[in-house]
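Enquirer: The following comprises the amino acid sequence and a computationally predicted model.
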Amino acid sequence: MSLSQLARSIAESPTLKLNETAALLREKGEPVIHLGGGEPKSKTPMDAILSCTSVLNTGDVKYTPADGIPALKKAIIRYTEEHYGRLVAPENVIVSSGAKQSIMVLLHTILDPKDEVVFPSPYWVSYPEMVKLAGGVPVVAHPKDGSFQPTIEDIAEVVGSYTKAIILNSPNNPSGVVYSKEFIAQVVEFCEKKSLYLIMDDTYNRLIFDGQTPTNCYEYAKDLTESSKLIVVNCVSKMYAMTGFRIGWAVANKQVVRAMTNIQSQETSGPATPSQWAAVGALNGIQSSIQALRMTLENNRNVMVARLNAIPGVKVTKPGGTFYCFPDFSAYNKESQKLAQFLLDKVRVVTVPGKEFGREGHLRLSYCGTLGEIKQGIERIQWAIDPNSANELYIGGRKLVRDWA
Ligand SMILES: Cc1ncc(COP(=O)(O)O)c(C=O)c1O
């Protein structure tokens, strides 16, 4: 079969692949624990359901403007004012089918062939592939001290004449780390000085713990004029547990939004109409579900971190947000893909190999499931990797015997 060079250069999304593997195993009745997932368990907020069903009930579900319905743009403008203290115009907002599409369309909008896009490691799995899809070159900034908290020096070191944009994602998928406000301020200043686009992927911005306040990149921007190259991406996917609705958005200067709209209008047209109305309901409705989700996740995080810390040799950086933890298992196995496969084969626990996020030796574990899943999942992992564990373990009524070293 002759596929394009581009198609052959793009890797399958490892997280989606894992979901499929887990679903297949579950169908076969295997007692799988999924610590690989990227979506909260909670239900869609009622305000979103009501708003969505009211448009469905009319039976009048038609195309919308390619950049989103006015009611959703209005809700996003209000959200931006409330959470970022910034008043933007409808022409500064584009609604897409998820934050993923917003970023993808944005990269198509700003990149010429061979332009480089810099992001720190660990990074969201999709950034390198999305940059490649848009014809660009992904460039990873590895924090020198090996931590998950990059510095401006780490970034500056890999920025060159081909650099077009920097992407920051804080709180970070996969580490859960919240970048320091000082770092974000430095990157904002750096990008303004070098005239680089700065894409702030704020997908998890509302899911932060320990009483921290989300970082507002606009606070550090000197240039908030129409030529500002600061772009903020958000979505309803994680904060409202509405992953399946596929609604995200970008706030950018009008020229960028206009160009993004042209591209999106040719690629997909506007996002699905019922989903846009669901997002209107979520953004304008009662916000208590976010607080409830945050509290659940914070508690889950505490349990997961405590259990992981009890495994000898496993190094854990406490996540300050998201629903991911990114422990270092290199004392047991430096090859994360092999370790993830081993855990799936032996104890039916799904994890995501750190290699996919630019860090070998780590595994990404999600704590968006139930406390029972978290406790059992870590117990199984410990049993599988710790040579001092008991000889037998019961999972799903089945006896496992440790027949490996
Ligand atoms: C950092 C980051 N950005 C963007 C997205 C995509 O969000 P959406 O589901 O709205 O496309 C994800 C989803 O996992 C993510 O982790």
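Expert: Cool, the structure landed. Numbers count the residues shown, from 1 in each chain.
Enquirer: Show the pLDDT at residue 199.
Expert: Residue 199 carries a pLDDT score of 98 in this model.
Enquirer: got a list of what it touches?
Expert: 103, 106, 165, 166, 167, 168, 231, 233 (Cβ atoms under 8 Å, 6 or more residues apart in numbering). Backbone N, C-alpha and C define where each C-beta goes, glycine included.
Enquirer: Try it again at 6 Å.
Expert: The contact partners of residue 199, taken as Cβ atoms under 6 Å, 6 or more residues apart in numbering, are 165, 167, 231.
Enquirer: Highest neighbour count among these?
Expert: When neighbours are counted as other Cβ atoms under 10 Å, the busiest of the contacts of residue 199 turns out to be residue 231, with 26 neighbours.
Enquirer: Specify the beta-bridge partners of that residue.
Expert: Counting by DSSP bridges, residue 231 forms beta bridges with residue 199.
Enquirer: how many neighbours does residue 269 have?
Expert: Counted with other Cβ under 10 Å, the burial measure for residue 269 works out to 13 neighbours.
Enquirer: quick one: it is in a strand?
Expert: No. Counting by DSSP: H, G, I helix; E, B strand; the rest coil, residue 269 is located in no strand; its state is coil.
Enquirer: And it, what's its pLDDT?
Expert: 97.
Enquirer: Next, the contact list for the closest residue to residue 128 other than its chain neighbours, please.
Expert: The spatially closest residue to residue 128, leaving aside those adjacent along the chain, is residue 138, at 4.0 Å (Cβ to Cβ, 6 or more residues apart in numbering). Contact partners of residue 138, counting by Cβ under 6 Å, 6+ apart, are 117, 128, 131.
Enquirer: do that again at 7 Å, thanks
Expert: 117, 127, 128, 131, 132 (Cβ atoms under 7 Å, 6 or more residues apart in numbering).
Enquirer: For my notes, confirm the fourth one occurs in a strand.
Expert: Put plainly, it is residue 131. No. Judged by three-state DSSP, residue 131 forms no part of a strand; its state is helix.
Enquirer: Which residue, other than its chain neighbours, is closest to residue 192?
Expert: Sequence neighbours aside, residue 223 is the residue nearest to residue 192 in space, at 5.4 Å (criterion: Cβ to Cβ, 6+ apart).
Enquirer: I'd assumed residue 191 was in contact with that neighbour.
Expert: No. With contact taken as Cβ atoms under 7 Å, residue 223 and residue 191 are classed as non-touching, separated by 9.6 Å.
Enquirer: Those two: who's more crowded?
Expert: residue 191 (25 against 14).
Enquirer: Helix or strand: which one has that one?
Expert: Secondary structure assigned from DSSP states H and E places residue 191 in helix 181-194.
Enquirer: and that helix, what other elements does it pack with?
Expert: Where contact means 3 or more Cβ pairs under 7 Å, 6 or more residues apart in numbering; DSSP states H and E, helix 181-194 is packed against helix 152-158, strand 163-169, strand 197-201.
Enquirer: so what's the residue in the stretch 301-405 of the chain that the ligand sits nearest to up against?
Expert: When scored by Cβ to the nearest ligand atom, the stretch 301-405 of the chain has residue 322 as its residue closest to the ligand, at 7.9 Å. The contact partners of residue 322, taken as Cβ under 7 Å, 6+ apart, are 171, 172, 173, 176, 204, 207.
Enquirer: The last one: neighbouring residues, count only.
Expert: Think residue 207. Residue 207 is flanked by 21 other residues according to other Cβ under 10 Å.
Enquirer: before we move on, the earlier item: any idea whether the residue nearest to residue 192 is helix, strand or coil?
Expert: Going by three-state DSSP, the state assigned to residue 223 is coil.
Enquirer: separation between it and residue 273?
Expert: Per Cβ to Cβ, to the nearest Å, residue 223 is found 36 Å from residue 273.
Enquirer: just the helices and strands packed on helix 181-194: most buried one?
Expert: Across these, averaging neighbours per residue (mean count of other Cβ atoms under 10 Å) puts strand 197-201 on top, at a mean of 25.
Enquirer: Measure how that one sits relative to helix 181-194, angle-wise.
Expert: Taking axes from the mean of the first three to the mean of the last three Cα atoms, to 10 degrees, strand 197-201 and helix 181-194 form an angle of 150 degrees between their directions.
Enquirer: quick one: is strand 197-201 near the ligand?
Expert: Yes. Counting by Cβ under 6 Å from any ligand atom, the ligand has neighbours in strand 197-201: residue 201.
Enquirer: ok, residue 54 to residue 399 distance?
Expert: Relative to residue 399, residue 54 is positioned 53 Å away (Cβ to Cβ).
Enquirer: Please say which of the two ends up with more neighbours.
Expert: Set residue 54 next to residue 399 and count neighbours by other Cβ under 10 Å: residue 54 wins out with 12 against 8.
Enquirer: helix, strand or coil for the more buried one?
Expert: helix.
Enquirer: Now do it, the pLDDT please.
Expert: For residue 54, the pLDDT comes out at 97.
Enquirer: Quick check: of the contacts of residue 322, which lies closest to residue 355?
Expert: Each of the contacts of residue 322 was scored against residue 355 by Cβ to Cβ, and residue 173 proved nearest at 15.1 Å.
Enquirer: State the number of residues packed around the closest one.
Expert: Look at residue 173: counted by other Cβ under 10 Å, it has 26 neighbours.
Enquirer: quick one: the residue lying closest to it once chain neighbours are set aside from residue 275, how far?
Expert: Taking Cβ to Cβ, 6+ apart as the measure, residue 173 lies nearest to residue 124, with 4.8 Å between them; neighbours along the chain are not counted. Residue 124 sits 22 Å away from residue 275, taking Cβ to Cβ as the criterion.
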